[in-house]
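A.B. asks: sequence and predicted structure, then a few things I'm wondering about:
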Amino acid sequence: MTQDRFEIRPVRHADYGQWRPLWDGYNAFYGRSGATSLPEEITQGTWERFFDAAEPVHALVAEEEGRVVGLVHYLYHRSTTRPRDVCYLQDLFTAPRSRALGVGRLLIHTVYAAAQAAGCTRVYWQTQVTNQPGRALYDKVAQHHGFIVYSHDLT
C-alpha cells in the first residue's frame, strides 16, 4: 500500500539495520531499555519469526525515500467468541520525525486489509492508558470497548 510519500510493505531481511532502531524505540517507550531491555535472543527470535512461513507473526514497514520510518507486527489466532481467526496488532511504532504524517494510520489500515484477506473477523490491540498520542489516533480508527488488561508472567 502506498499513500503519497510512504510505501507500506512486508519487512525484508535487508531492513534489519533500519528496523532495529525502531524496535528499540518501541521497547523503550514501554519501559524496556537499559537494565530492563529485552534479552537479545528475544529480539533475534522475533526477527526470525517474520521470515518463517510456519509462524503466524507478520511484520510490515513504512518506507519513505528508502528509509524505514515505521513498523507494525501482528499475528492471527483463534478466538472462542468468533468462528474465524482474529488479528492481534501487537507492535506499532513510527520514527519520531515521521509522526503526525499518517504513517501509523497507514500501517493500521494495511493490517486491516491483510487481516480481512486472511479471513479474520476482527483486529484488536492494546496500549497504555498514558499513550495519549497513540490513543488520539486509535480513537479515530477503532472502537475502545473499555476492557482492562491483566497479565501474569510465568517463569
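C.D. replies: Now that the structure is in, tell me what you want to look at. Numbering: from 1, shown residues only.
A.B. asks: for the rest of this, base every contact and every neighbour count on C-alpha atoms.
C.D. replies: Noted.
A.B. asks: strands of this protein, start to end?
C.D. replies: Applying DSSP state E to the chain gives strands spanning 2-3, 6-10, 57-64, 67-77, 86-94, 123-124.
A.B. asks: so what does the fifth one touch, helix or strand wise?
C.D. replies: Meaning strand 86-94. Helices and strands touching strand 86-94, as assessed by 3 or more Cα pairs under 8 Å, 6 or more residues apart in numbering; DSSP states H and E, comprise helix 16-29, strand 67-77, helix 103-117, strand 123-124.
A.B. asks: compare these and give me the one nearest residue 135.
C.D. replies: helix 103-117 (11.3 Å; Cα to Cα).
A.B. asks: and the angle from that closest one to strand 67-77?
C.D. replies: 30 degrees (axes from the mean of the first three to the mean of the last three Cα atoms, to 10 degrees).
A.B. asks: okay, the helices and strands packed on strand 86-94, which one's buried deepest?
C.D. replies: Among these, the stretch with the highest mean neighbour count (mean count of other Cα atoms under 10 Å) is strand 67-77, at a mean of 21.
A.B. asks: who does that strand pair up with?
C.D. replies: strand 57-64 (antiparallel), strand 86-94 (antiparallel) (DSSP bridges).
A.B. asks: any chance of those in JSON lines, plus mean pLDDT and mean neighbour count?
C.D. replies: Shown next, in JSON lines, are the strands paired with strand 67-77 (pLDDT from 0 to 100; neighbours: other Cα atoms under 10 Å):
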{"stretch": "strand 57-64", "mean pLDDT": "97", "mean neighbour count": "22"}
{"stretch": "strand 86-94", "mean pLDDT": "96", "mean neighbour count": "21"}
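A.B. asks: so which of these comes closest to residue 117?
C.D. replies: strand 86-94 (11.3 Å).
A.B. asks: below-threshold pLDDT in this structure: ranges please.
C.D. replies: 1-3 (pLDDT under 70).
A.B. asks: circling back to that earlier point, between the strands paired with strand 67-77, which one is closest to residue 106.
C.D. replies: Of all the strands paired with strand 67-77, strand 57-64 comes closest under Cα to Cα, at 8.3 Å.
A.B. asks: between that closest one and helix 16-29, how many degrees?
C.D. replies: 110 degrees.
A.B. asks: can I get strand 57-64 in PDB? Just the C-alpha atoms.
C.D. replies: Extracted in PDB, the C-alpha atoms of strand 57-64 (Å, rounded to 0.1, in the frame of the first residue of the first chain):
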ATOM      1  CA  VAL A  57       3.600 -13.500  13.200                       C
ATOM      2  CA  HIS A  58       3.900 -10.900  10.400                       C
ATOM      3  CA  ALA A  59       5.800  -7.600  10.000                       C
ATOM      4  CA  LEU A  60       5.300  -4.600   7.800                       C
ATOM      5  CA  VAL A  61       7.300  -1.500   7.500                       C
ATOM      6  CA  ALA A  62       6.600   2.000   6.300                       C
ATOM      7  CA  GLU A  63       9.300   3.300   3.900                       C
ATOM      8  CA  GLU A  64      10.000   6.800   2.800                       C
END
